[in-house]
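# structure of the sequence below:
(4 chains)
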There are 2 protein chains.
Amino acid sequence: MSDTPGYELPFLLFGGFRTLIDRLHAELARRGHPDVRPSYGFAMQAVGVQGATASEIGRRLGVSKQAAGKSVERLEALGYVERADDPADARRKIVRLTEHGIDALAKSADIFDELRAEWASTVGRERITALENDLRAVVGPAAYRLDAAGWFSS
Amino acid sequence: MSDTPGYELPFLLFGGFRTLIDRLHAELARRGHPDVRPSYGFAMQAVGVQGATASEIGRRLGVSKQAAGKSVERLEALGYVERADDPADARRKIVRLTEHGIDALAKSADIFDELRAEWASTVGRERITALENDLRAVVGPAAYRLDAAGWFSS
DNA sequence: TAGGATCGACAACGTGGTTGTCGAAACCGT
DNA sequence: ACGGTTTCGACAACCACGTTGTCGATCCTA
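Okay, the predicted model is just below:
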């Protein structure tokens, strides 16, 4: 047998993820977004280009609406989102990405493409594609859940 | 080009990691360790089979010695570690894994092996090996760092 | 139109980090 | 051998980010 011990796999997967995220934020800082934190990225994804209410954001992130409200406050203080009354429902406040927030998301997508290209030039484009396909096969659509921040301490 | 967009890679890596960790803890709970949390695993790894002081654990986990001390308290309350005075140095308290803690680590290793085998039977053993090799190539030895818990909120 | 569901806000609290400070003990250069 | 520096663990105050529970206002529906 003499196979790789199983505990290496989670380390390597997490190491890969962490490397990507660390480099993303280093690049983001250099390109005008020094104060985005990993969890803010997830939160902004949950806001989406259309905007959403705090309750809806909470549902997408898998946290309470109160926690989502606090996240929105932080994002608002940093200028990434803004809140506006919903003219159609006086209870609701719509959270929308600002120019700055949209810019952060667009730059993130660019940087992820660059990082993927870098990996492809290291191990070969077809290896990266195979890696993606294999991971898709073992984790399924569960990979694209947004309720990741804070999951560690669950 | 029409390649996979770069942002999928971090999702897939994290999704793989999370799947493994979630299944590990579900199995661990079934085998007598219902209250191990992901971060406790890292902390116990930092204690190591030889034991260590709180300061040393803090260094390994990349947190302050105070934070490490609090983690040790939690682990101690759950019966995974115990503290003893160091006869050779009256300042130090040696933190050691208990039988229960060693058992948790051993069972974790078994479960990770089982999960890896399961993945191998899904996508093929050589794909898993290739995946490990590719990840090792792009992330390097940085994969095996222990300072992962709480890294998300950095 | 009355009852129930949902919205955002507020309060109290838990957990897991941080920094600063402290006394006791160990180490090291003179 | 002794005095200054470093290291140990403990304690306190604080912060980030989550939780439940409650509340009045508003909307939806039977």
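
# quick check, stretch A:98-118 touching chain B?
Yes. Stretch A:98-118 lies within reach of chain B by C-beta under 8 Å from any C-beta of the partner chain, at A:108-109, A:111-117. For the C-beta atoms, the positions are set from N, CA and C on the backbone; glycine is no exception.

# of those residues, keep whichever come out buried.
For the residues of stretch A:98-118 next to chain B, a neighbour count by 16 or more other C-beta atoms under 10 Å in any protein chain shown gives the buried set as A:108, A:111-113, A:115-116.

# just the residues of stretch A:98-118 next to chain B: which are in helices?
Here DSSP state H is the test, and these give A:108-109, A:111-117 as lying in helices.

# nearest residue to residue A:129 in space, please, no chain neighbours.
Of all residues beyond its chain neighbours, the one nearest residue A:129 is residue B:4 (6.8 Å), with distances taken as C-beta to C-beta, 6 or more residues apart in numbering or on different chains.

# in what helix or strand does residue A:95 lie?
Per DSSP states H and E, residue A:95 falls inside strand A:93-97.

# show me what that strand is packed against.
In terms of contacts (3 or more C-beta pairs under 8 Å, 6 or more residues apart in numbering or on different chains; DSSP states H and E), strand A:93-97 is packed against helix A:38-47, helix A:54-61, strand A:81-85.

# show me which of the residues of stretch A:98-118 next to chain B is closest to residue B:15.
The closest of the residues of stretch A:98-118 next to chain B to residue B:15 turns out to be residue A:112 (C-beta to C-beta; 15.0 Å).

# name the SS class of the nearest residue to residue A:42 once chain neighbours are set aside, please.
Distances taken as C-beta to C-beta, 6+ apart put residue A:149 closest to residue A:42, at 4.9 Å, once the chain neighbours are dropped. Look at residue A:149: counting by DSSP: H, G, I helix; E, B strand; the rest coil, its state is coil.

# what residues does chain A put near DNA strand D?
A:37, A:39, A:62-64, A:66-67, A:70-71, A:74, A:88-91, A:149-150 (C-beta under 7 Å from any atom of the strand).

# identify, from those, the entry nearest to residue A:121.
Of the residues of chain A next to DNA strand D, the one sitting nearest to residue A:121 (C-beta to C-beta) turns out to be residue A:37, at 28.7 Å.
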